[in-house]
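Novice: this one's sequence-less:
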């Protein structure tokens, strides 16, 4: 199995990406081969000039930055690590691609070069959360600011297969994120989506308010990409603000400092558990190929986890089974 | 000044509502009169059978519960504390109404009985946040699941006047909540709203991603009610989960327990600061009358703060000045 990794993507690249690749090789029994895509001299300098077994370098000369327009990267930076990495899948030289770089560029380039799984209307981006009531996925968190009810149905199908295959979570129940439980709640899109999900999916449990996502026994939560993206970002901002403020206030008194030192392991543990991108990247679902977006801040551990997500996606035939799931509901898609 | 308070509204009513009214009377220099609307015997029992100066009871026989449909309460429970309390404003027997009860019922009944400020297309619900970078308001957080660009413009105008008059925050800058900074980002609604806000409001600063709301120097954040409601509820759920989980893990080790005890004052302080409803209720903006929704969990302090918000709204002519602000942009409204 060959996995292409964008060595230049993310705030900590190439140090974190190269280290993540090495860690993945050390922690797997599988016949894993990682292709580091990026600037050859930078990658080699990270590797200390010896290339370990299981690694190769695919040299590229351009780097996509956060200032680039994701939708034009394919044309504007054809020799970037993102474009070349995804091209490796298209050319059957890799089975998956991972990047902690420009999310929009990965999405747009994946869509252009790999296309969609047959009958998928819109690919979507999922956010995986490890909660006390089990693993959950929110989908879409950013690929589609404008969505239709049939898109939300397909998000539900794709995210359910993903949880089953990659996270090993069986019998996934689906919920629609809404501002109230009743079928009549929400915007026109959500009222129609409720009916469609109810008609098509035996696993549909109804609406759930965003505050109860963590307590719900459903595991797949669907919404449009505008809502989902704002949701996860606002919560991220709130938690960041909350913890920063706490750290600041703690400095004001010795007893606070002592107390904070004592419970630091607890806070670190929870922060890691709830960092949805640390877990292994956000899967881009519906693309006809395995393409994974890892957090911009990805540590070696996050990169390693993303590699394992790619590995499971390949081993468990994620794409084929999503395709089967989609085909079961073609009657509901215009 | 006469303020009608729904004595029966909220999880802790009538104890918290009656106590909040008493606290407000003890903490104001104004000529304040509070009308406790609700079950006479329950209220009297809370008051210990003596009615202090500045309080009267307006007896009602029905109570709106969370199982009632908010939009039909006016007809279904005409003698409820919510309907009767709002009717007091309509009949010029009160200057404002406050309830910690059924938000949808308060919104619908206020709209039916008091109507909208002239030329306001849709009333909205604001969430006030006290942050390290100053007070901020997110608007709409629930009144309008489907909105148009012109509604978002009016939300911005109304929320700006509110911050100025009630929170004393001057020179408010407006931002549009979006999934990216560029004008081309977001759904069709948000792309159009961007242009309209840019054309109409000199105070418009552009798009802001939800994660940067806390760091932004803007103070008014507009979005449709579906997004806003999900945003604040998801963050609420996340913080609740985060703190509950922390408390659970802390029980597992003595050193954690000691540490947690030491920093408890810090955590409590931050939790209170960021509880947007504790601050003094969510104002229902655009209604032709002062109607305030307080948190369902309102403590006496939250009720007292809501009374002070009502007081300032009256003293500073909130309704008249919102009306002026709306009239300045009539050309942009269809």
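Specialist: Right, received. Where do you want to start? The structure presented is a predicted model; accordingly, all values stated were derived computationally and were not measured.

Novice: any weak-confidence spans in the stretch 151-300 of chain A?
Specialist: A:274-280 (pLDDT under 70).

Novice: Try it again at 80.
Specialist: Filtered on pLDDT under 80, the stretch 151-300 of chain A yields the residue ranges A:239, A:242-243, A:270-282.

Novice: likewise the stretch 1-150 of chain A?
Specialist: Checking the stretch 1-150 of chain A against pLDDT under 80 turns up A:49, A:143.

Novice: Can you tell me which residues in it are near chain B?
Specialist: A:131-132, A:142, A:145-146 (C-beta under 8 Å from any C-beta of the partner chain). The C-beta positions use only the backbone N, C-alpha and C, and glycine is treated the same way.

Novice: Give the buried residues for stretch A:312-323.
Specialist: Buried positions in stretch A:312-323, judged by neighbour count with 16 or more other C-beta atoms under 10 Å in any protein chain shown: A:312-314, A:316, A:318-319, A:322-323.

Novice: correction: stretch A:95-103
Specialist: A:95-103.

Novice: From the residues you listed, which land in strands?
Specialist: A:96-99 (DSSP state E).

Novice: Between those residues, which sits nearest chain B?
Specialist: Set against chain B, the nearest of those by C-beta to the nearest C-beta is residue A:99 (18.2 Å).

Novice: so what's that closest one bridging to?
Specialist: On the basis of DSSP bridges, residue A:99 is bridged to residue A:293.

Novice: From residue B:145, how far off is it?
Specialist: From residue A:99 across to residue B:145, the span is 35 Å (C-beta to C-beta, to the nearest Å).

Novice: With residue A:327 instead?
Specialist: From residue A:327 over to residue B:145 (counting by C-beta to C-beta), the distance is 33 Å.

Novice: Between those two, which has more neighbouring residues?
Specialist: Legend: neighbour count by other C-beta atoms under 10 Å in any protein chain shown for residue A:327 and residue B:145, higher for residue B:145 (23 against 12).

Novice: Wait, the more buried one touches residue A:189, no?
Specialist: No - Residue B:145 lies out of contact with residue A:189 (C-beta atoms under 8 Å); the separation is 9.1 Å.

Novice: So which residue is dead centre in chain A?
Specialist: residue A:282 (0.3 Å; C-alpha atoms, centre = their mean).

Novice: can you give me the helices for chain A?
Specialist: For chain A, the helices defined by DSSP state H cover A:15-26, A:40-47, A:73-76, A:81-90, A:103-114, A:149-162, A:188-200, A:225-250, A:254-274, A:300-315, A:318-327.

Novice: tell me which residues in the shortest one are buried?
Specialist: Pointing back at helix A:73-76 there. A:73-74.

Novice: Show me what that helix is in contact with.
Specialist: A:64, A:68-69, A:80, A:82-83, A:102, A:105, A:108-109, A:112-113 (C-beta atoms under 8 Å, 6 or more residues apart in numbering or on different chains).

Novice: Which one (most neighbours) among those residues?
Specialist: In terms of neighbours by other C-beta under 10 Å, the contacts of helix A:73-76 top out with residue A:82 at 31 neighbours.

Novice: which residues does it contact?
Specialist: A:6, A:9, A:64, A:73, A:99, A:101-102, A:105-106, A:109.

Novice: circling back: select, from the residues of the stretch 1-150 of chain A next to chain B, the two members most distant in space.
Specialist: Maximum pairwise distance among the residues of the stretch 1-150 of chain A next to chain B (C-beta to C-beta): 33.8 Å, between A:132 and A:146.

Novice: between these two, which one's more packed in?
Specialist: residue A:146 (16 against 11).

Novice: who touches the closest residue to that one other than its chain neighbours in this structure?
Specialist: Closest residue to residue A:146 apart from its sequence neighbours, by C-beta to C-beta, 6 or more residues apart in numbering or on different chains: residue B:187 at 4.5 Å. Neighbouring residues of residue B:187 by C-beta under 8 Å, 6+ apart: A:145-146, A:224, A:226.

Novice: in terms of contact, does residue A:142 touch residue A:231 like I think?
Specialist: No - shown here, residue A:142 and residue A:231 do not form a contact pair, counting by C-beta under 8 Å, at 10.2 Å.

Novice: Could you measure from the spatially closest residue to residue A:112 that is not a sequence neighbour over to chain B?
Specialist: Of all residues not flanking residue A:112 in the chain, residue A:74 sits nearest, at 5.3 Å (C-beta to C-beta, 6+ apart). Using C-beta to the nearest C-beta, to the nearest Å, we find residue A:74 at a distance of 18 Å from chain B.

Novice: just residue A:177 next, same as before
Specialist: From residue A:177 to chain B the distance is 6 Å (C-beta to the nearest C-beta).

Novice: Residues in a beta bridge with that residue, which ones?
Specialist: residue A:208.

Novice: That one contacts residue A:224, correct?
Specialist: No - here residue A:177 lies out of contact with residue A:224, judged by C-beta under 8 Å, at a distance of 9.2 Å.

Novice: burial count for residue A:166?
Specialist: 23.

Novice: now residue A:195
Specialist: 11.

Novice: Just list the residues touching the spatially closest residue to residue A:234 that is not a sequence neighbour, thanks.
Specialist: The shortest distance from residue A:234 to any non-neighbouring residue, by C-beta to C-beta, 6+ apart, is to residue B:210 (3.7 Å). Taking C-beta under 8 Å, 6+ apart, we find residue B:210 in contact with A:229-231, A:233-234, A:237, B:177, B:231.

Novice: how's chain A carved up into domains?
Specialist: A:1-120+A:286-316, A:124-277 (automatic domain parsing).

Novice: Check the offset of the longest one from the chain's centre.
Specialist: Between the mean C-alpha location of domain A:124-277 and the chain-wide mean there is a distance of 13 Å, by C-alpha atoms, centre = their mean, to the nearest Å.

Novice: and if you look at the first one?
Specialist: Distance of domain A:1-120+A:286-316 from the chain centroid (C-alpha atoms, centre = their mean) equals 13 Å.

Novice: Span of that domain from start to end?
Specialist: Start-to-end span of domain A:1-120+A:286-316 (C-alpha to C-alpha, to the nearest Å) is 13 Å.

Novice: Buried by neighbour count: which residues of the lengthiest strand in chain A qualify?
Specialist: In chain A, assigned by DSSP E, the strand with the most residues is strand A:124-131. Within strand A:124-131, the residues scored as buried using 16+ other C-beta under 10 Å are A:124-129, A:131.

Novice: neighbouring contacts of it?
Specialist: Residues from elsewhere that reach strand A:124-131 (C-beta under 8 Å, 6+ apart): A:103, A:107, A:135-144, A:151, A:154-155, A:158-159, A:162, A:167, A:213-214, A:225, A:228, A:232, A:273-274, A:276-277, A:279-280, A:282-286, A:293, B:241.

Novice: and the angle for that strand with helix A:225-250?
Specialist: Counting by axes from the mean of the first three to the mean of the last three C-alpha atoms, to 10 degrees, strand A:124-131 points 40 degrees away from the direction of helix A:225-250.

Novice: tilt between strand A:124-131 and helix A:103-114?
Specialist: Using the same axes, to 10 degrees: strand A:124-131 against helix A:103-114 is 130 degrees.

Novice: strand partners of strand A:124-131, parallel vs antiparallel please.
Specialist: Going by DSSP bridges, the partners of strand A:124-131 are strand A:134-139 (antiparallel), strand A:282-285 (antiparallel).

Novice: what inclination does the first one have with respect to helix A:149-162?
Specialist: On the basis of the same axes, to 10 degrees, strand A:134-139 is oriented at 150 degrees to helix A:149-162.

Novice: tell me which residues in strand A:134-139 are buried?
Specialist: Residues A:135-139 are the ones in strand A:134-139 that count as buried (16+ other C-beta under 10 Å).

Novice: re earlier: can you add distance to residue A:32 and give the contacts of residue B:187 back as a markdown table?
Specialist: Shown next, in a markdown table, are these (distance: C-beta to C-beta, whole Å):
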| residue | distance to residue A:32 |
| --- | --- |
| A:145 | 36 |
| A:146 | 39 |
| A:224 | 36 |
| A:226 | 37 |
